[in-house]
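J.: Pasting the sequence and the predicted coordinates here, then a few questions.
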Amino acid sequence: MLRGLVTISAAPLDDVAEYLAAVLASCIPHSALIVHTADDVAHPFKQYGDESIVAGVTLSELETIRHGLSPGDIRRYEAPVAGRPRPVLAVSATTGALLVVVSPVGSEFDEHCRLVWEIVALRIQQHASAASPSYLIGSRASSRVRAEATAELVDVQSTTLESLLAVLRSPALDDRVARQTATNLAAEAMVNLRTTNDRLRDFAEEPVTTAFERLRDDLRPLTRYRDVDVQFVEPPVDGRALPSEVAHGARAVVRGAILTAVDQPGVTRVRVQWDCDGKNLLINVRDDGPGDLCADSSQLQPLRQRVLALNGELGLTATRGWGCEISVVMPLDPPPVRSENSSLWELGPRELEVFAHLAAGLRNRAIADQLGISENTVKFHISNIYRKLGVGSRAEAAAWLLEARVPLTPGFPPRHL
């Protein structure tokens with residue numbers, strides 16, 4: 001298990017579930033493993049194992065499991081996973097990250113599993129906090145993942161409405177029983193909707209004031225043993241919420257900017273300010289040092305790369321004897337997809353499956369039946385396909401595929417693309 005931890009520590013974040021499943025398999029055999037963490041905004045959901053389980057698990061089910069645990073808890077019980085009750089080992093790390101082991105065998109290694117998950121969850125949190133340029137690029141692309149989770153939410157509510165209509169129209173129920181059943185269905189659906197929507201919002205964005213407060217907490221260990229006064233200028237409380245990847249990147253940039261500032265001789269004060277103009281996050285870090293930092297300084301290159309990864313700009317103004325000022329502009333929205341750059345590489349696995357059936361001439365209802373999803377979800381994926389390919393109709397999408405000469409057929413595994 002210790003050797004396995006070394007392997008997991010070196011694994012890419014999006015492969016953590018696969019490596020963790022391999023480590024646990026020797027002591028806790030299981031059919032599937034699911035990781036759910038808000039720290040990793042690029043890959044908040046990671047699954048490995050039985051495809052019928054990992055492909056069917058929903059955000060609502062994970063939230064139900066999370067709701068029954070406190071940070072640091074571990075519990076064995078039967079919970080709904082992929083549409084039906086299954087035995088699970090659920091572990092909540094102190095970071096809040098959730099591990100669900102489906103159909104676990106044996107219980108003598110449960111405490112070992114909890115400790116391993118604590119270490120892995122901390123590694124995920126630290127890797128995400130470092131916000132490397134490649135990680136931020138992946139995080140920006142993860143907006144598609146969040147959009148698919150939104151589609152799942154729409155699916156759940158559509159099913160609830162259909163159930164309500166079925167109850168109200170049922171000739172087998174009198175008015176009193178029908179009203180009571182419909183009321184219970186609606187109340188349960190509202191609770192699930194609010195819980196899931198809150199969690200989805202946590203993945204998608206942070207209020208600017210919350211993100212700034214987390215920045216302060218991050219900086220306390222950096223400045224505790226340095227004789228430097230770090231002053232914070234609060235952002236406006238009504239500022240637009242920040243996409244999670246922008247909040248992650250901004251905190252990493254400010255940490256790096258402050259370390260760069262305090263490493264200069266004579267710096268006694270650093271001023272940090274965030275603002276928002278509705279379209280961009282505006283960051284300003286000013287020090288009272290010698291003012292001899294240059295724009296092409298090696299200390300600024302890691303910061304510049306992080307900013308560029310989020311399509312932002314970094315500027316430096318240095319005045320000898322008065323200090324340096326680092327200014328950053330980070331757009332809150334990702335750049336639009338340009339049709340000339342669109343390709344199948346930008347489509348997710350489910351979008352590729354939908355595209356294959358669409359290109360074969362199937363209508364939305366038939367695609368939904370083939371893939372086991374709702375017609376609303378099919379429409380959502382088709383809308384994304386049109387946007388990414390820069391087309392406006394089925395005919396144009398089919399023509400795009402014909403012109404690209406890509407052998408995409410229903411049933412053909414698209415994971416190599």
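T.: That came through, no problem.
J.: where does the chain have low pLDDT?
T.: Applying pLDDT under 70 to the chain flags the ranges 41-43, 131-163, 165, 188-204, 222-225, 334-346, 402-417.
J.: What segments of it are strands?
T.: With strands called from DSSP state E, the chain shows them at 32-36, 45-49, 74-81, 84-92, 98-102, 205-206, 229-233, 242-243, 269-276, 280-287, 313-319, 323-331.
J.: Save those as CSV, and put in mean neighbour count and distance to Trp400 too.
T.: For glycine as for every other residue, the C-beta is placed from the backbone atoms N, C-alpha and C. What follows is the strands of the chain, written out as CSV (neighbours: other CB atoms under 10 Å; distance: least, CB to CB, whole Å):
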stretch, mean neighbour count, distance to Trp400
strand 32-36, 25, 35
strand 45-49, 20, 30
strand 74-81, 16, 38
strand 84-92, 19, 39
strand 98-102, 25, 39
strand 205-206, 22, 32
strand 229-233, 14, 49
strand 242-243, 25, 29
strand 269-276, 19, 38
strand 280-287, 21, 33
strand 313-319, 15, 34
strand 323-331, 21, 28
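J.: of those strands, which approaches Ile124 most closely?
T.: strand 32-36 (8.1 Å; CB to CB).
J.: Mind exporting the C-alpha coordinates of that closest one to PDB?
T.: The C-alpha trace of strand 32-36 is given here as PDB (Å, rounded to 0.1, in the frame of the first residue of the first chain):
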ATOM      1  CA  ALA A  32     -16.000   0.500  -9.000                       C
ATOM      2  CA  LEU A  33     -14.400   3.500  -7.300                       C
ATOM      3  CA  ILE A  34     -15.600   7.100  -7.500                       C
ATOM      4  CA  VAL A  35     -13.800  10.300  -6.400                       C
ATOM      5  CA  HIS A  36     -15.700  13.600  -5.900                       C
END
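J.: partners of that strand, with directions?
T.: Sheet partners assigned to strand 32-36 using DSSP bridges are listed as strand 45-49 (antiparallel), strand 98-102 (antiparallel).
J.: quick check: angle from the last one to strand 74-81?
T.: Our comparison of strand 98-102 with strand 74-81, counting by axes from the mean of the first three to the mean of the last three CA atoms, to 10 degrees, yields an angle of 70 degrees.
J.: what's next to strand 98-102, contact-wise?
T.: Residues from elsewhere that reach strand 98-102 (CB atoms under 8 Å, 6 or more residues apart in numbering): 20, 24, 28, 30-37, 49-50, 53, 62, 65-66, 69, 79, 81, 86-93, 113, 117, 121.
J.: now the first one
T.: Residues external to strand 45-49 that are found in contact with it (CB under 8 Å, 6+ apart): 14, 16-18, 20-21, 30-36, 53-54, 57, 59, 62, 102, 145.
J.: Mark which of those are buried, thanks.
T.: Buried subset of the contacts of strand 45-49 (neighbour count, 16 or more other CB atoms under 10 Å): 16-18, 20-21, 30-36, 53-54, 57, 59, 62, 102, 145.
J.: Ile258 is in contact with Val272, correct?
T.: Yes. Applying CB atoms under 8 Å, one finds Val272 in contact with Ile258, separated by 7.1 Å.
J.: Give me the common contacts of the two.
T.: Residues touching both Val272 and Ile258 by CB under 8 Å, 6+ apart: 230, 285.
J.: How many neighbouring residues does the nearest residue to Ser92 once chain neighbours are set aside have?
T.: Distances taken as CB to CB, 6 or more residues apart in numbering place Leu69 nearest to Ser92, at 4.0 Å, with adjacent residues excluded. Leu69 has 16 neighbours, counted by other CB atoms under 10 Å.
J.: Spit out the contact partners of Leu69.
T.: Counting by CB under 8 Å, 6+ apart, Leu69 makes contact with 75, 90-92, 98.
J.: That one and Thr94: what is the separation?
T.: Relative to Thr94, Leu69 is positioned 11 Å away (CB to CB, to the nearest Å).
J.: for Asp39, same thing?
T.: Using CB to CB, we find Asp39 at a distance of 12 Å from Thr94.
J.: okay, and the common contacts of those two?
T.: Joint contacts of Asp39 and Thr94 (CB under 8 Å, 6+ apart) are Ala121.
J.: quick one: which of the two has more around it?
T.: Asp39 (20 against 13).
J.: I'd like the distance between that one and Phe212.
T.: According to CB to CB, Asp39 stands 18 Å off from Phe212.
J.: Could you double-check that Tyr206 sits in contact with Arg240?
T.: If you look again at residue 206, you'll see it is Glu, not Tyr. No. With contact defined as CB under 8 Å, Glu206 does not count as touching Arg240 (10.9 Å).
J.: doesn't Ser327 make contact with Val307?
T.: No. Counting by CB under 8 Å, Val307 does not reach Ser327; the two are 10.5 Å apart.
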